[in-house]
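Visitor: next one to model:
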Amino acid sequence: MTGSALPPLLRPRALRPGDLVVIASLSGPLHAAYEPDLEQAVVVLERMGFRVRRAPLLEAGRRHWWSAARPAEIAEEFNGLLRDHEVRAIVAHDGGQTALGYLDLIDVEAITADPKPILGYSDISLLHLVLHARTGLVGFHADLATPGLGGHWQTAPAARRAALEKLYVRLLTGDEAVGALPTTPTWECWRPGRAEGPLIGGVINRIVLAQATRFALPLERFDGAVLFWEETGGHISHVWSYLQVLRHAGVLDRISGMVVGVPHAIDGLGAQDASPTLPEIVLDALGDRDIPVLGNVEFGHAGPNLPMPVGIRVALDARQRTLSLLEPAVRPHASTRPAG
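Guide: I've put the predicted structure just below:
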């Protein structure tokens, strides 16, 4: 990508009621114990008005090492879904540790010919970032099927679940900007200010990994961007290290704002010793860069997820604790885009 022109923003075609959504194993396997959660995810998607199908690799007990299948097998199924014009959206069943194994096997021409929403977070962050870099595709950093729609959503208060369901439908089917995402009292202003720019991000360790590949986002993609990230597992010192990598890479010098998700299962966070807080870690890495930071926003592993469409322009007001999507994430169904 170095020195090449940045691809323009590529919005998927808007979904319509009755469109086919496929749940696929794009990384980790389906454990038999979570089959009921997957079945519940199907119910949620059908309630949104879509037809739902499971891809063949999504079979309880099927696995290769830590994956649902070998990377080449996952890529083959994924490419088949990308090429199938009946399939209008792909929802990842879960995250995992496999996407790095097939980043070079993805049919990017199929994406530019028929872009469709790909939903997921965690390991799926790699797909969103790499496909955005290579094609301009808007990636939907949104809930996974099994741990999200069939898991976190089921334990959320009914009002929150209904609001999220309505939000997802608007985002996937509407050709108007969603506007302000629904806030909760957990949102925190870590540094006041306003920013406007494209939303870029994902789980922070995957952002760092993506930038280490030949499919990395060119640094220009971060110019004026609102960087969003979250993390799960590991130690708080790892988060500090990832932020330092982004500083050394020049990313922090280019962004206009930052949105941090709810941390999940991070050792050393909130410990009774001299461990820093997450805001302290973030502000330490930013140094004297005077950009707004909004923290503790519900996206990522803590779930249920607010959708964060990668590449869409947003307005951030950290003091007022608001984040607004300024443009639609999908294009009107009637419009056409030539292949290639």
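Visitor: ok, now which ones touch T213?
Guide: 100, 103, 130 (C-beta atoms under 8 Å, 6 or more residues apart in numbering). Where C-beta positions appear, they are placed from N, C-alpha and C, glycine not excepted.
Visitor: most neighbours of all these, which one?
Guide: V130 (25 neighbours; other C-beta atoms under 10 Å).
Visitor: quick check: that one vs I74, distance?
Guide: Distance, V130 to I74, by C-beta to C-beta, to the nearest Å: 15 Å.
Visitor: that older thread, just put the contacts of T213 in a markdown table and tack on distance to A210 and pLDDT.
Guide: Converted to a markdown table, those look like this (distance: C-beta to C-beta, whole Å; pLDDT from 0 to 100):
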| residue | distance to A210 | pLDDT |
| --- | --- | --- |
| L100 | 9 | 97 |
| L103 | 8 | 98 |
| V130 | 6 | 98 |
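Visitor: so which of the residues you listed comes closest to C189?
Guide: Within the contacts of T213, proximity to C189 (C-beta to C-beta) peaks at V130, which comes in at 32.0 Å.
Visitor: now tell me what touches the helix or strand containing the closest one from outside.
Guide: If you go by DSSP states H and E, V130 is part of helix 124-135. Contact with helix 124-135 is made by 1, 7, 10, 26-27, 92, 95, 99-100, 103, 106, 108, 111-112, 115, 118, 120, 137-141, 144, 200-203, 206-207, 209-210, 213, 215-218, 221, 310-311, as judged by C-beta under 8 Å, 6+ apart.
Visitor: if we go to 6 Å?
Guide: 1, 7, 10, 92, 99, 103, 108, 111-112, 137, 139, 141, 202-203, 206, 210, 215, 217, 310-311 (C-beta atoms under 6 Å, 6 or more residues apart in numbering).
Visitor: and what of stretch 20-37?
Guide: Contacts for stretch 20-37 (C-beta under 6 Å, 6+ apart): 45, 50-55, 57-58, 60-61, 63, 68, 81, 86-96, 98-99, 123, 145-146, 150-151.
Visitor: farthest residue from the center of this structure?
Guide: Most distant from the centre of the chain: D273, at 33.3 Å, with distances by C-alpha atoms, centre = their mean.
Visitor: and it, how far from P292?
Guide: Going from D273 to P292 by C-beta to C-beta gives 30 Å.
Visitor: so where do the helices sit in the stretch 1-150 of the chain?
Guide: All helices of the stretch 1-150 of the chain, identified by DSSP state H, counting those that start in this stretch, fall at 35-47, 71-83, 108-113, 124-135.
Visitor: let's have those in CSV, adding distance to G179.
Guide: CSV is the format used below for these (distance: least, C-beta to C-beta, whole Å):
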stretch, distance to G179
helix 35-47, 23
helix 71-83, 30
helix 108-113, 28
helix 124-135, 22
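Visitor: most tightly packed of those helices?
Guide: helix 124-135 (a mean of 24; mean count of other C-beta atoms under 10 Å).
Visitor: mark which of the contacts of stretch 20-37 are buried, thanks.
Guide: 45, 50, 52-55, 57-58, 68, 81, 87-96, 98-99, 123, 145-146, 150-151 (16 or more other C-beta atoms under 10 Å).
Visitor: now do the contacts for W190.
Guide: The contact partners of W190, by C-beta under 6 Å, 6+ apart, come to 279, 293, 295.
Visitor: need the per-residue pLDDT for it.
Guide: You'll see W190 listed with a pLDDT of 98.
Visitor: nearest residue to it in space, ignoring adjacent ones along the chain?
Guide: Closest residue to W190 apart from its sequence neighbours, by C-beta to C-beta, 6 or more residues apart in numbering: V293 at 4.0 Å.
Visitor: ok, which stretches of the stretch 201-340 of the chain are helices?
Guide: Remark: helices assigned in the stretch 201-340 of the chain by DSSP H, counting those that start in this stretch are 204-211, 236-248, 278-286.
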